[in-house]
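Enquirer: okay, here's the prediction I keep looking at, along with the sequence it came from:
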Amino acid sequence: MKRVRTVDDVMNHSVVSVGLDATVREIVRVLRRWEVSAVPVLSAEGRVVGVVSEADVLRKVPGDAHDDGRAPTAARLMTAPAVTVLRGATIAGAARLMGRGRLKRLPVVDEEGRPVGVVSRGDLLKVHLRSDAELAEEVRRELLKFLVPAGEATLGVRVADGEVTLTGRLPRSVPAELAVRLARAVPGVVGATAAFTSVGS
């Protein structure tokens with residue numbers, strides 16, 4: 001089973017973008033062809049420097065009160081700086097970023113600021129479509145990875161509609177609350193409870 005942990009696991013790896021000198025007509029053509037509402041704007045070095053959306057085009061069309069007669073380009077129309085997310089960011093982190101900015105899509109960039117994909121709200125929601133069996137397997141793997149070094153552990157994991165129930169035996173040195181927090185951190189888990197028996201000194 002593929003582990004779903006970061007934006008890189010769920011994003012669309014196809015990148016549609018425009019350059020700083022793209023005209024209104026070119027921007028609209030790209031938006032319509034790819035059926036998206038916004039695209040990242042790239043510098044000459046290939047880094048994301050802004051985002052131009054349908055709303056940006058409609059707000060700043062020639063003939064408005066601020067029209068200076070120059071043909072508008074992506075450099076003038078875009079919203080900058082761009083809100084981006086690193087490909088290694090957590091799914092929860094990307095969701096918080098979208099929520100704060102009320103954004104539907106985020107350009108995904110590498111450490112150099114170059115685009116490697118796009119993540120949408122729908123992409124982030126995919127984690128909730130994973131089967132209960134997949135979630136149970138990942139929860140069990142994650143908990144054992146952290147709990148076994150602390151001592152002997154017998155772990156039962158049951159998942160129903162994304163709700164995790166943990167049972168079994170934990171070393172006294174491991175708080176049950178820790179196991180619950182680890183389970184809740186697995187993308188797609190909507191809640192977790194535990195009923196453990198403590199073993200050892």
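Expert: That came through, no problem. Numbers count the residues shown, from 1 in each chain.
Enquirer: now do the lowest-mean-pLDDT helix or strand in the chain: which elements does it pack against?
Expert: Sorting the helices and strands of the chain by mean pLDDT, DSSP states H and E puts strand 191-199 at the bottom, at a mean of 83. Here strand 191-199 touches strand 163-171, helix 176-184, going by 3 or more CB pairs under 8 Å, 6 or more residues apart in numbering; DSSP states H and E. Backbone N, C-alpha and C define where each C-beta goes, glycine included.
Enquirer: which elements pack onto the first one?
Expert: In terms of contacts (3+ CB pairs under 8 Å, 6+ apart), strand 163-171 is packed against helix 132-147, strand 154-160, helix 176-184, strand 191-199.
Enquirer: how about these in a markdown table, adding distance to Leu166 and mean neighbour count?
Expert: Shown next, in a markdown table, are the helices and strands packed on strand 163-171 (distance: least, CB to CB, whole Å; neighbours: other CB atoms under 10 Å):
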| stretch | distance to Leu166 | mean neighbour count |
| --- | --- | --- |
| helix 132-147 | 8 | 18 |
| strand 154-160 | 6 | 16 |
| helix 176-184 | 6 | 17 |
| strand 191-199 | 4 | 15 |
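Enquirer: nearest to Ser14, out of these?
Expert: helix 132-147 (25.3 Å; CB to CB).
Enquirer: thinking again about what came up before, any chance of a markdown table for the helices and strands packed on strand 163-171, columns distance to Leu77?
Expert: A markdown table is the format used below for these (distance: least, CB to CB, whole Å):
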| stretch | distance to Leu77 |
| --- | --- |
| helix 132-147 | 43 |
| strand 154-160 | 47 |
| helix 176-184 | 42 |
| strand 191-199 | 44 |
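Enquirer: worst mean pLDDT among the ones you listed?
Expert: Lowest mean pLDDT within the helices and strands packed on strand 163-171: strand 191-199, at a mean of 83.
Enquirer: partner strands of that one and their direction?
Expert: strand 163-171 (parallel) (DSSP bridges).
Enquirer: so which bits of the strand it pairs with are buried?
Expert: Residues of strand 163-171 classed as buried: 164-166, 168, 170-171 (neighbour count, 16 or more other CB atoms under 10 Å).
Enquirer: closest one of the residues you listed to Gly88?
Expert: Using CB to CB, the buried residues of strand 163-171 come closest to Gly88 at Val164, 25.2 Å.
Enquirer: find the nearest non-adjacent residue to the closest one, please.
Expert: In space, and not counting its chain neighbours, Val164 is closest to Ala192: 4.0 Å by CB to CB, 6 or more residues apart in numbering.
Enquirer: looks like the one you found contacts Ala183 (just checking).
Expert: Yes. Between Ala192 and Ala183 there is a contact under CB atoms under 8 Å: 4.0 Å.
Enquirer: what touches both of the two?
Expert: Residues touching both Ala192 and Ala183 (CB atoms under 8 Å, 6 or more residues apart in numbering) are 139, 164, 166.
Enquirer: can the residues you listed go into JSON lines with extra columns for distance to Val52?
Expert: As requested, those are arranged in JSON lines below (distance: CB to CB, whole Å):
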{"residue": "Val139", "distance to Val52": "41"}
{"residue": "Val164", "distance to Val52": "42"}
{"residue": "Leu166", "distance to Val52": "48"}
